[in-house]
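Undergrad: give me coordinates for this.
(2 chains)
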Amino acid sequence: MADGAFDLVVVGGGPAGYVAAIRAAQLGMHVACVERERVGGICLNWGCIPTKALLRTAEVFTLVSHAAEFGVLCDNPRVDFGKVIARSRAIADKLSSGIEFLFKKHKIQLIPGVAQLAGRGRIEVRAEKGGPAKVVEAAKIILATGARARGLPGIEPDGKHILTYREAMVLKDKPRSLIVLGAGAIGTEFTSFYHAMGTEVTLLEALPSVLPIEDEEISKALERSLKKRGVNVRTGVKVTAAKVGKNGVTVTANGEDLQADKLLLSVGVRANTEGFGLEGLGVRVTERGFIQIDADYKTTSPGIYAIGDCAGGALLAHKAMQEGIVCVETIAGKRSHRVDYNSIPSCTYCSPEVASVGLTEKAAREKGHDVIVGRFPFSALGKALAIGETEGFVKAVVDKKRGEILGMHMIGPHVTDLISEPGLAITAEFTAHEIMATTHAHPTLTEAVQEAVANALGEAIHI
Amino acid sequence: MAQFLEMPRLSDTMQEGRVVKWSKKEGDKIAPGDVLAEVETDKATMDFESFDEGVLLKILIGDGGTAPVGGPVAIIGKAGEDISALLAQADGKKAAPATKKEERKQTPAPAAVPTEAAPPKAAAPVQTIPARPSASPPPTRPAPAAAARPAAAPSNGGGAPGVFASPLARRIAHARGIDIGQVAGSGPQGRVVRRDVESWQGPPAAGRAGAPAAPATPRMPAVAGGEDAEQPLSMMRKTIARRMAEAKREIPHFYLTSEIDMDAAVDFRKQVLEALGIKVSYNDLVIKACALALRKVPLAGASWAEDRVILHGGVHIGVAVAIEDGLITPVIHDADAKSLGAIAREIAELAGRARERKLKPEEYTGATFTVSNLGMFGVHHFQAIVNPPEVCILAVGALVKQPVVKDDAIVIGHRMSVTLSCDHRVVDGAVGAQFLQEVVRILEHPMTLAM
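TA: Predicted structure coming up:
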């Protein structure tokens, strides 16, 4: 009757799902993965990776435009926008194919289509446009269905003038002007990209600061930097309407009408929980719309697990991947670690980059820590001067008594790479003293991490 | 042939010891009977004497370090001997021997010994009353948690080399005075991480600490400039914390308070001083009164042993004495048979040595009843925590002058309030009241004390 029986069927082939599938296959399970589009999910096809390709273009263009400062003369650099988008798509395509290859290598059956939970341990998969169902049996099911862009009441994306990230990364021509609504990671990244491309960008945020979940000092520094570059940043703004007209979009913000070619909605995402038949099997969804799970990623229905964005928490690919591994190991009874939710780094690839891990200074104080704070500006760092990237700083939040690294917050060059050191420190429970005792190569940007910690301890050498 | 010197068991309840100070250094010649180091147990600071002859080749546990009973603290042998094999062995061996000894000690559960505390001195025969028809052996405690740890990995953190622990866990352990070698790790590959140290309850099992208070002003920790300070836990503080929490949690306490007319006792004390030249304190009178009352109501001096109640043949009274960072209860053995003068002298002498932490184990174990007095601090009335396996403790308040009605006139009278805390598993209200009544009767007719 069934078209296949598996130890594990993973619904969704994004970062949570594909990693879970591969880890399960490594542990000897017979695995299938249901995916309605391409494996790799939003991250790989419509998120993390293609946007990083776009932002690299922005970086290269900005650098070349300032080449004369480095003694390199290249007159009149221009952008071939079609090629910029094509490069981004080619990279996404290559990575997705790479995962298909990994699936083959691990003998994971990729079942294209939309999954429907049809009964205990039973899944029906149909093509998105309908048609006959393929029925598979699964001893265990992992839901990794992800999330999608959210609209605002009365402002729904139309894909032409009111865009989500999905359309914004494949525009045919660069817009002359763009209003970005929501200054989270997606909003600030597209702001940086289009601003560098020459688009006139207005960034609107309802909360009092850009990147509102980051440490206040970092958010303030980013806002200053964006404004200095010529981005029109407005925070604490309430947007009540967006009308599409002949000349683009008119957005009503705090009662004022703002005009632009396009509007990008980046106000957050909602979990994909509808249309899979979750209710029928008693898989409960929380008030905030995420699938309810326990500490072992079990849903309220036996044999069904949920990981990644659809299960809530930090909506980050790297957190989803970790959950994929830990969830599968838990199912197999071979768990090597739990996800350390205190040390999940957060990275935003706007310009300048922002990265953080652990507690903000405010959160650390609220938790009752006796906090000492250290800062180190890249302008005081030899390597940063040499590469011509002196904007930004590193901020260390340290527990005074124990020297525990409570949090690290960074804005500046390559900080999304630098954040791994404090991430390791927090996970491995290294303290300020181990960071001080570690010889950091010179000249490197990583010296800023050590110097910020040294500054917290009152021992910084170079400031 | 080089060998380990192991942490000796210096008291019945000792689980681990802290090396206060080595009196020998590496390279020193050692003869049997030489004092090697001062060791702090859960009760006292004692001399660690050598049974062996040789040269102290290596100190494994330095000043301030802690080792479980039976754990290696040093290596002794001939001068110049190769000890690399022993050194390699030291880490793994550190905790294990204590575990084995603990099991050996616990398996053949001794018939009449209550819990892990030292048995009361059995001068007279001990009688047991079965509490339940099917008597099961006393519960044995789990072996110390430190045993099951994968091979230690090298670490660059300070202190406790060879223990597989995160630097943060080490710092917290150090700040709290926890021996990280005793903490079981729950991190990757058994690594000791922060949560393990933060949730560490101390080694399972240990000795009795005592009840609140007595003479000697407890030293308050000095806190500078209004800032919070962390105080590492001493062995004694850890023991008191665990034992008292356990007692208050486990024992169904109830409390009986009586006021004693002390007019006659005040006169009696004066007479003893004038006629015999012996200075006795009111506390001495209370101790003797309790000892005599216990002969009448032996159940108040019994022990709870889970499956039965033990009635002791002797009357041994513990007296809570406050000492630096804690308290200890030196014991007046056979107090019922001793004269007031003898009790007064013994108490003074024991309390003095208790404050210097020089009591021998037999001098602070084996009590069947405890007296705790906070009268000298002006406390009128308080309730003490029963000190298991004992079942009663008497909390003595201050002797106060107050207006009383005598022959229909208001006159000045001496009054003292005492509160008996009882373990209801053994002592019912009427029994406790009967005992207390007897104490009151004796103190109100102090000539009884001279008999």
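Undergrad: can you pull the contacts of the closest residue to chain B within chain A?
TA: Using C-beta to the nearest C-beta, the point where chain A gets nearest to chain B is A:E429, with a distance of 3.4 Å. In this view, the C-beta of every residue, glycine as well, is placed from N, C-alpha and C. With contact set as C-beta atoms under 8 Å, 6 or more residues apart in numbering or on different chains, A:E429 has these partners: A:E404, B:S166, B:P167, B:L168, B:A169, B:V193, B:R194.
Undergrad: need the contact list for residue 7.
TA: You didn't pick a chain, so chain A it is. A:D7 sits next to A:A24, A:M29, A:H30, A:V31, A:A138, A:A139, A:K140 when contact means C-beta under 8 Å, 6+ apart.
Undergrad: not quite, go with chain B.
TA: Counting by C-beta under 8 Å, 6+ apart, B:M7 makes contact with B:E16, B:G17, B:V39, B:I61, B:A67, B:P68, B:V69, B:G70, B:G71, B:P72, B:V73, B:A98.
Undergrad: low-confidence stretches in the stretch 1-150 of chain A?
TA: With pLDDT under 70 as the threshold, the stretch 1-150 of chain A has low-confidence stretches at A:1-2.
Undergrad: which parts of it are strands?
TA: A:5-11, A:31-35, A:109-112, A:114-119, A:122-126, A:134-143, A:147-149 (DSSP state E, counting those that start in this stretch).
Undergrad: which bits of chain B sit near chain A?
TA: Counting by C-beta under 8 Å from any C-beta of the partner chain, the residues of chain B lying close to chain A are B:156-157, B:166-169, B:171-172, B:175, B:188, B:193-194, B:228, B:230.
Undergrad: narrow those residues to those that are buried.
TA: Among these, those classed as buried by 16 or more other C-beta atoms under 10 Å in any protein chain shown are B:G157, B:S166, B:P167, B:L168, B:A169, B:R171, B:I172, B:V193, B:R194.
Undergrad: just the ones of those in helices?
TA: Taking DSSP state H as the definition of helices, those contribute B:P167, B:L168, B:A169, B:R171, B:I172, B:R194.
Undergrad: residues in contact with the fourth one?
TA: So that's B:R171. Residues touching B:R171, when contacts are defined by C-beta under 8 Å, 6+ apart, comprise A:R402, A:G403, A:E404, A:T431, B:G157.
Undergrad: pick the one among the residues you listed closest to B:V418.
TA: When the contacts of B:R171 are compared for distance to B:V418 (C-beta to C-beta), A:R402 comes out closest, at 46.4 Å.
Undergrad: and the closest one, helix, strand or coil?
TA: In the three-state summary, A:R402 is assigned as coil, counting by DSSP: H, G, I helix; E, B strand; the rest coil.
Undergrad: distance of the residue nearest to it when sequence neighbours are not counted relative to A:N455?
TA: Using C-beta to C-beta, 6 or more residues apart in numbering or on different chains and skipping the chain neighbours, the partner closest in space to A:R402 is B:R171 (5.2 Å). With distances defined as C-beta to C-beta, to the nearest Å, the gap from B:R171 to A:N455 amounts to 20 Å.
Undergrad: any idea how far stretch A:145-160 is from the chain center?
TA: Going by C-alpha atoms, centre = their mean, to the nearest Å, the spacing between the C-alpha centre of stretch A:145-160 and its chain's C-alpha centre is 17 Å.
Undergrad: cool, and stretch A:218-227?
TA: Between the mean C-alpha location of stretch A:218-227 and the chain-wide mean there is a distance of 19 Å, by C-alpha atoms, centre = their mean.
Undergrad: go on, stretch A:5-22?
TA: Mean C-alpha position of stretch A:5-22 versus that of the full chain (C-alpha atoms, centre = their mean) differs by 20 Å.
Undergrad: count the neighbours of B:I180 for me.
TA: Around B:I180 sit 26 other residues, with neighbours defined as other C-beta atoms under 10 Å in any protein chain shown.
Undergrad: what distance do you get for it to B:Q402?
TA: Distance of B:I180 to B:Q402, computed by C-beta to C-beta: 55 Å.
Undergrad: one more: B:I59?
TA: Note on B:I59: its distance to B:Q402, by C-beta to C-beta, is 60 Å.
Undergrad: more neighbours: these two, which one.
TA: Here B:I59 and B:Q402 are compared on neighbour count by other C-beta under 10 Å; more neighbours surround B:I59, at 19 against 9.
Undergrad: all helices for the stretch 351-451 of chain B, in order.
TA: Applying DSSP state H, counting those that start in this stretch to the stretch 351-451 of chain B gives helices spanning B:361-364, B:429-444, B:447-450.
Undergrad: could you give the mean pLDDT of the second one?
TA: Per-residue pLDDT values across helix B:429-444 average out to 96.
Undergrad: give the buried residues for it.
TA: Residues B:V431, B:G432, B:A433, B:Q434, B:F435, B:L436, B:E438, B:V439, B:V440, B:I442, B:L443 are the ones in helix B:429-444 that count as buried (16+ other C-beta under 10 Å).
Undergrad: how about it as CSV, C-alpha atoms only?
TA: Taking C-alpha atoms only, helix B:429-444 is exported to CSV below (Å, rounded to 0.1, in the frame of the first residue of the first chain):
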residue,chain,number,x,y,z
GLY,B,429,3.7,15.6,73.5
ALA,B,430,3.0,14.0,76.9
VAL,B,431,6.4,12.4,77.0
GLY,B,432,8.1,15.7,76.2
ALA,B,433,6.0,17.5,78.7
GLN,B,434,6.8,15.0,81.4
PHE,B,435,10.5,15.4,80.7
LEU,B,436,10.2,19.2,80.8
GLN,B,437,8.2,19.1,84.0
GLU,B,438,11.0,17.0,85.6
VAL,B,439,13.6,19.6,84.5
VAL,B,440,11.5,22.4,85.9
ARG,B,441,11.0,20.5,89.1
ILE,B,442,14.7,19.8,89.6
LEU,B,443,15.7,23.4,88.9
GLU,B,444,13.1,24.7,91.2
